[in-house]
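>>> any chance you can model this:
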Amino acid sequence: MRKWLVGSVFILVVICPPCVYPGTSLETVKGYVNHVLDILRDTALSGEAQKKAKKEIISAILDEMFDFTELSKRSLGQNWNRMNPDQQRRFVNLYKSLLKDTYMDRITTYTDEKLVFGKEIALSERTAEIHTEVFTKTARITINYRVIEEHDHWKVYDVTVEGVSLISNYRTQFKEILSDKSPEVLLERLRKKLGKIS
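Numbers count the residues shown, from 1 in each chain. Have a look, this model is predicted:
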């Protein structure tokens, strides 16, 4: 259940036309999320026929909204340094594709939940955490967006739902594989999962 929630929120935060929201970390996240909600409520984009268009929007915005390199480093932890630069590059690309493929269809589960923004907490000079709550018909879900500042722009590098981190969720899986396997084995498994030949 928690993995489903992490996936759903991951998509909720990223679908948005190409744009940049300047300001504080809270203003940036709020701008993207509110824009997301507007798109999800747009009746012109509803229905099976619009799924492809939504996926294209998501795919384009994931690259702009998220820092996939930072996300990859934190998901691998110390294992990041076991990879050479070429392996790191391939991992980032495969991991990005995995996240997109895994969560792309979750956007269709949105049913007009209410989202309330809470505190903005500085984690360090360049990182912050934005607290929000989503109210469904049956539950209240706590969601935290972790962002990092890059070139005067905030980018999301992790999302936690009810205390479960997107990074931590995958780090556990990757760590288990790399405990007795090489980085190439992990890359091959990601390729097979994605149906990629190279």
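>>> element containing residue 60, please.
Here residue 60, judged by DSSP states H and E, is contained in helix 51-65.
>>> now do that helix, average pLDDT.
Averaged across helix 51-65, the pLDDT comes to 73.
>>> report all helices and strands that it contacts.
Packed against helix 51-65 by the contact rule (3 or more CB pairs under 8 Å, 6 or more residues apart in numbering; DSSP states H and E) you find helix 2-14, helix 85-103. No exception for glycine: its C-beta is placed from N, CA and C like everyone else's.
>>> which of the ones you listed comes out lowest on mean pLDDT?
It's helix 2-14: among those, that one has the lowest mean pLDDT, namely a mean of 50.
>>> now whatever helix or strand comes next after it and helix 51-65, what's the angle there?
For helix 2-14, the succeeding helix or strand toward the C-terminus, using DSSP H and E, is helix 25-40. Put simply, helix 25-40 runs at 170 degrees to helix 51-65, going by axes from the mean of the first three to the mean of the last three CA atoms, to 10 degrees.
>>> pull out the buried residues from helix 25-40.
By 16 or more other CB atoms under 10 Å, the buried positions in helix 25-40 come out as 25-26, 28-33, 35-37, 39-40.
>>> for stretch 79-90, same thing?
Of all the residues in stretch 79-90, those buried under the rule 16+ other CB under 10 Å are 79, 80, 83, 87, 88, 90.
>>> and if you look at stretch 161-169?
The neighbour-count check on stretch 161-169 (16+ other CB under 10 Å) flags 161, 165, 166, 167, 169 as buried.
>>> look up phi and psi at residue 124.
phi -160, psi -170 (degrees, to the nearest 10).
>>> what separates it from residue 46, distance-wise?
Distance, residue 124 to residue 46, by CB to CB, to the nearest Å: 41 Å.
>>> compare these two (neighbour count), which wins?
residue 46 (13 against 8; other CB atoms under 10 Å).
>>> and that one, how close does it get to residue 53?
Between residue 46 and residue 53 the distance is 11 Å, computed by CB to CB.
>>> what does residue 145 give?
25 Å.
>>> the more surrounded of those two?
Each of residue 145 and residue 53 has its neighbours counted (other CB under 10 Å); residue 145 has more, 26 against 11.
>>> that one pairs with what?
With DSSP bridges applied, residue 145 shows beta-bridge pairing to residue 130, residue 159.
>>> show me where pLDDT drops low in this structure?
1-22, 45, 58, 103-111, 196-198 (pLDDT under 70).
>>> please repeat the previous calculation with a cut-off of 80.
Applying pLDDT under 80 to the chain flags residues 1-23, 32-65, 100-112, 196-198.
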